[in-house]
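1. Curious how this folds, go ahead:
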Amino acid sequence: MRNLSFFTFAVILLFSGKSFAQDRVITTAASTLMIAADARAAGLGDQGVATSADAYSQQWNPAKYVFVESQQGFGVNYTPYLSELVNDIFLGNLTYYNRISERSAFGASLKYFSMGNIEARDFPDELERILSPNEFTLDLSYALKLSDHFSMAVAGRFLRSDLKIQDLDPDASAASTFGVDVAAFYQSERINYTSFDGRWRAGLNISNIGPKIKYDAGGQENFIPTNLKLGTGFDFILDNMNTIGAYLEFNKLLVPTMQDFNNNGQYGDKEDIQEYNSIGAIEGIFTSFGDAPDGFSEELKEVTYALGAEYVYDEVFSLRTGYFHESPEKGSRDFISFGAGFRHTVVDIDLSYLFSTSDVISPLEGTLRFGLTFNFGRQYYQY
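-> You can find the predicted model right below:
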């Protein structure tokens, strides 16, 4: 008999953010790749593909780095996870960028997710063994301006996942894979609209394009969360001291939907899983646009959206809010977020907080996320 902390199973259940009653929810390995790792994006409803450039553009849209104002930046963020149950599960993020010229920049980041310490024993009176499941990713990106207003970027990502517990499966081991991002970003000049000035932004990022991952030689291959982000934003520049940004972002997993391949009226039985696992990673990207069993209406339900707004006063103080929605049939993530930012000379401090508005409570419910950014080097002023 094996004795593992019940938190292991609670984390596995809540970490996915899905309900087992929803038999056509798309699930993937390495779900940590989809968690907002920085407090600013978290305060805007988990979006960042078309927001103004900052140090944390690496996760959302690395093409933004050539529009950031400081030559270099270093950021660190800390996100407690399941904080209402335990105190040792967290997501940490380190990121660095450097504008190496007027038209090009590179970025690097490290994300580390820890599931804390888990006690395991074979017998009640046996000395426990301490297990520490974890997952980390290392990213590198390069961005290039193709015109004064448009840029593109490519990013590479190495993932190592050590979440499968060897005490439950002796054949389990740490798994690894890689992914590639392709991103684009547009930012307009400052445009006069009679009573205020404005600036348009738009962004696109196809992230985590890469092979499947598996935890043992004979085990199932799992899709990683290849994802399409598409968004737009507009800054209402009221005067030199006050700016309000409004943002909208859509996301779709480019991962196949489970099918009733054998037409027996059930989804996810043994035969369905075998057929599903035979789909290749690249094939799955293309089939994901039209494989929902109920057709186009279900495809639309697989698209999440986020709305966000940010008020900036004199570039030293910010207030943020956001709303994120996912169909109840596809995961039911639904929450409102709030955030704030403060700048003192070269240091930015960001905070965010989340409230679930769904019956499926977010693992980040009641969590205060915290981030620090240090900006240094020469300043680039964008028209």
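
2. Give me the three-state assignment for the residue of the chain most remote from its centre.
-> Distance from the C-alpha centroid of the chain peaks at Asp125, with 41.9 Å (C-alpha atoms, centre = their mean). Secondary structure state of Asp125, per DSSP: H, G, I helix; E, B strand; the rest coil, is coil.

3. what residues are up against the nearest residue to Met152 once chain neighbours are set aside?
-> Computed as C-beta to C-beta, 6 or more residues apart in numbering, the closest residue to Met152 that is not its neighbour in sequence is Ala184, at 4.9 Å. C-beta here means a position set from N, CA and C on the backbone, and glycine is covered the same way. Neighbouring residues of Ala184 by C-beta atoms under 8 Å, 6 or more residues apart in numbering: Asn61, Ala63, Phe150, Ser151, Met152, Ala153, Gly203, Leu204, Asn205.

4. cutoff 6 Å now
-> Ala63, Met152, Leu204 (C-beta atoms under 6 Å, 6 or more residues apart in numbering).

5. The second one bridge partners, please.
-> In this structure, Met152 has the following beta-bridge partners (DSSP bridges): Leu144, Ala184.

6. quick one, helices of the stretch 151-300 of the chain?
-> Applying DSSP state H, counting those that start in this stretch to the stretch 151-300 of the chain gives helices spanning 270-277, 281-287, 296-301.

7. Likewise for the stretch 1-150 of the chain?
-> 6-16, 39-43, 57-60.

8. picking up where we left off before, for the contacts of Ala184, which one is nearest Phe286?
-> Using C-beta to C-beta, Leu204 comes nearest to Phe286 of the contacts of Ala184, at 17.2 Å.

9. so that closest one touches Leu228, yeah?
-> No. Taking contacts as C-beta atoms under 6 Å, Leu204 lies outside contact range of Leu228: 7.8 Å.

10. Format the CA atom coordinates belonging to stretch 348-357 as PDB.
-> Taking Å, rounded to 0.1, in the frame of the first residue of the first chain, the C-alpha atoms of stretch 348-357 are listed here in PDB:
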ATOM      1  CA  ASP A 348       8.800  48.700 -11.700                       C
ATOM      2  CA  ILE A 349       6.600  46.900  -9.100                       C
ATOM      3  CA  ASP A 350       3.500  45.000 -10.300                       C
ATOM      4  CA  LEU A 351       0.700  43.300  -8.300                       C
ATOM      5  CA  SER A 352      -2.400  41.400  -9.400                       C
ATOM      6  CA  TYR A 353      -5.300  39.600  -7.800                       C
ATOM      7  CA  LEU A 354      -8.000  37.200  -9.300                       C
ATOM      8  CA  PHE A 355     -11.600  36.400  -8.500                       C
ATOM      9  CA  SER A 356     -13.300  33.400 -10.100                       C
ATOM     10  CA  THR A 357     -16.800  34.000 -11.600                       C
END
